[in-house]
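[1] build the 3D model from these lines:
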Amino acid sequence: MIRFAILALAAISTPLVAQTSAPAKPSLLTWPDLTKRPKPAPDATIDYGTDQMQKIDVWIPKGKGPFPVVVMVHGGCWTTSIADRSLMNWIADDLRKSGVAVWNIDYRGVDRAGGGYPGTFADTANAADQLAVNAKKFNLDTRHVVAIGHSAGGHLALWLAGRPKLPATSPLRTANPLRIDHVISLGGLPDLEATAASPQNGCGVEVVGQLVGKPTPQHPDVYADTSVPRLLPLGMKQDLISGREDRIIPFVMATDYVAKANAAGDTATLHTITIPATGHVELIAPETAAWAEAKRLILADLRKTQ
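    This is a model prediction of the structure:
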């Protein structure tokens with residue numbers, strides 16, 4: 001965790017130094033640029049367990065509904081002390097203003113009792129499944145569900161979509177998981193094996209071991225039910241938005257995953273050509289080109305299915 005904090009601080013705080021022979025590059029957002037803003041509030045919060053992180057914030061647009069809905073998953077290196085669901089409040093509010101409900105979930109990170117394997121995954125699954133349970137109460141339309149996740153949440157959003165492909169022997173497999181129809185990963189880390197082998201990633205490699213646990217006779221392959229490439233093909237549209245200037249999550253994490261997903265028969269698209277000056281914070285700041293692209297994909301998909 002300390003290693004991440006040092007890397008993240010360096011990544012989000014150090015200004016880009018212009019070369020004398022080239023024009024100055026636009027500066028990237030830092031976390032305080034986002035988190036020091038007035039924070040919008042959700043319309044409701046529900047519990048799905050007894051831990052203080054086992055909660056879901058519900059963002060409901062004005063009007064009668066039923067409202068199209070997005071399942072939202074925050075990042076923070078799967079570590080509660082780094083981030084919780086409130087980091088997504090600004091883009092959740094932006095979707096609410098655009099007529100889209102948001103199911104913004106939280107989960108126990110690897111640094112909390114019960115987190116790691118299987119708890120972090122079980123929490124994420126349980127929180128998502130509560131959407132079907134509570135859809136009528138909040139007048140939400142679950143016929144076509146988009147999942148969107150940032151950073152480590154990009155991994156979890158894709159993992160939610162892949163739950164029907166979990167091995168029959170996995171303790172994470174359930175009979176009727178929430179159906180996800182489209183996934184958008186913002187600067188995600190979908191391939192846990194690649195993340196564990198990439199010391200340059202801002203989360204470090206140790207946290208992956210904390211997340212997946214050690215092999216046991218009952219769970220000898222710790223990536224079989226946790227790493228998204230092992231579940232390919234997912235069978236639904238996947239869009240990845242990653243910044244070439246992202247100094248926390250290496251751009252190659254997106255390019256390599258897209259190649260694997262398409263090779264497996266999925267339709268996965270990486271959106272970067274028209275998104276300049278995008279680091280890690282820009283992905284969840286509502287005024288940026290990166291978020292505009294993510295929002296465009298969400299609205300186009302949901303309106304097409306209404």
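
[2] residue ranges in this structure under the pLDDT threshold?
    1-26, 304-306 (pLDDT under 70).

[3] now find how far off-centre stretch 236-254 is within its chain.
    11 Å (Cα atoms, centre = their mean, to the nearest Å).

[4] same deal with stretch 70-81?
    On the basis of Cα atoms, centre = their mean, stretch 70-81 sits 6 Å off its chain's mean C-alpha point.

[5] pull out the CA atoms of it and give them to me as PDB.
    Extracted C-alpha coordinates of stretch 70-81, given in PDB (Å, rounded to 0.1, in the frame of the first residue of the first chain):
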ATOM      1  CA  VAL A  70     -25.600   1.600 -15.100                       C
ATOM      2  CA  VAL A  71     -23.700  -0.500 -12.600                       C
ATOM      3  CA  MET A  72     -20.700   1.500 -11.500                       C
ATOM      4  CA  VAL A  73     -17.500   0.100  -9.800                       C
ATOM      5  CA  HIS A  74     -14.800   2.200  -8.200                       C
ATOM      6  CA  GLY A  75     -11.100   1.500  -8.200                       C
ATOM      7  CA  GLY A  76      -8.300   2.100  -5.800                       C
ATOM      8  CA  CYS A  77      -6.200  -1.000  -6.300                       C
ATOM      9  CA  TRP A  78      -8.800  -3.200  -4.600                       C
ATOM     10  CA  THR A  79      -7.900  -1.400  -1.400                       C
ATOM     11  CA  THR A  80     -10.500   0.400   0.700                       C
ATOM     12  CA  SER A  81      -8.100   2.800   2.300                       C
END
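
[6] that one: which residues count as buried?
    70, 71, 72, 73, 74, 75, 76, 77, 78, 79, 80 (16 or more other Cβ atoms under 10 Å). Placement of C-beta: from N, CA and C, glycine included.

[7] the fifth one is in contact with residue 88, isn't it?
    The one in question is residue 74. Yes: at 5.1 Å, residue 74 counts as touching residue 88 under the criterion of Cβ atoms under 8 Å.

[8] could you tell me which residues touch both of those two?
    104, 150 (Cβ atoms under 8 Å, 6 or more residues apart in numbering).

[9] circling back to that earlier point, quick one: which two of the buried residues of stretch 70-81 are the most distant?
    70 and 79 (23.5 Å; Cβ to Cβ).

[10] helices of the protein, residue ranges please.
    2-13, 31-35, 89-97, 119-138, 152-161, 192-196, 206-212, 252-263, 289-305 (DSSP state H).

[11] tell me the contacts of residue 54?
    Counting by Cβ under 8 Å, 6+ apart, residue 54 has contacts 47, 48, 106, 107, 108, 123, 126, 127.

[12] the same query, at a cut-off of 6 Å, please.
    Residues near residue 54 by Cβ atoms under 6 Å, 6 or more residues apart in numbering: residue 48.

[13] separation between it and residue 149?
    18 Å (Cβ to Cβ, to the nearest Å).

[14] and what of residue 279?
    17 Å.

[15] with neighbour numbers in mind, choose between those two.
    Using other Cβ atoms under 10 Å, the more surrounded residue of residue 279 and residue 149 is residue 149, with 29 against 24.

[16] what is the neighbour count of the spatially closest residue to that one that is not a sequence neighbour?
    Closest residue to residue 149 apart from its sequence neighbours, by Cβ to Cβ, 6 or more residues apart in numbering: residue 157 at 3.1 Å. Using other Cβ under 10 Å, the number of residues around residue 157 comes to 31.

[17] list the contacts for residue 157?
    Contacts of residue 157 (Cβ under 6 Å, 6+ apart): 73, 147, 149, 183.

[18] so can I have CSV of those showing distance to residue 207?
    CSV is the format used below for these (distance: Cβ to Cβ, whole Å):
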residue, distance to residue 207
73, 16
147, 22
149, 16
183, 22
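
[19] could you list which of those belong to strands?
    Residues of those located in strands (DSSP state E): 73, 147, 149, 183.

[20] just those now: which is nearest residue 246?
    residue 149 (15.1 Å).

[21] who are the contact partners of the closest one?
    Contacts of residue 149 (Cβ under 6 Å, 6+ apart): 73, 156, 157, 185.

[22] just these now: which is nearest residue 196?
    Closest approach to residue 196 among the contacts of residue 149 (Cβ to Cβ): residue 156, at 16.2 Å.

[23] what is the neighbour count of the closest one?
    That count, for residue 156 with other Cβ under 10 Å as the rule, works out to 32.

[24] and it, how close does it get to residue 96?
    Counting by Cβ to Cβ, the gap from residue 156 to residue 96 is 22 Å.

[25] separation between the nearest residue to residue 215 once chain neighbours are set aside and residue 121?
    In this structure, residue 215 finds its nearest non-sequential neighbour in residue 222, 5.6 Å apart by Cβ to Cβ, 6+ apart. Distance of residue 222 to residue 121, computed by Cβ to Cβ: 12 Å.
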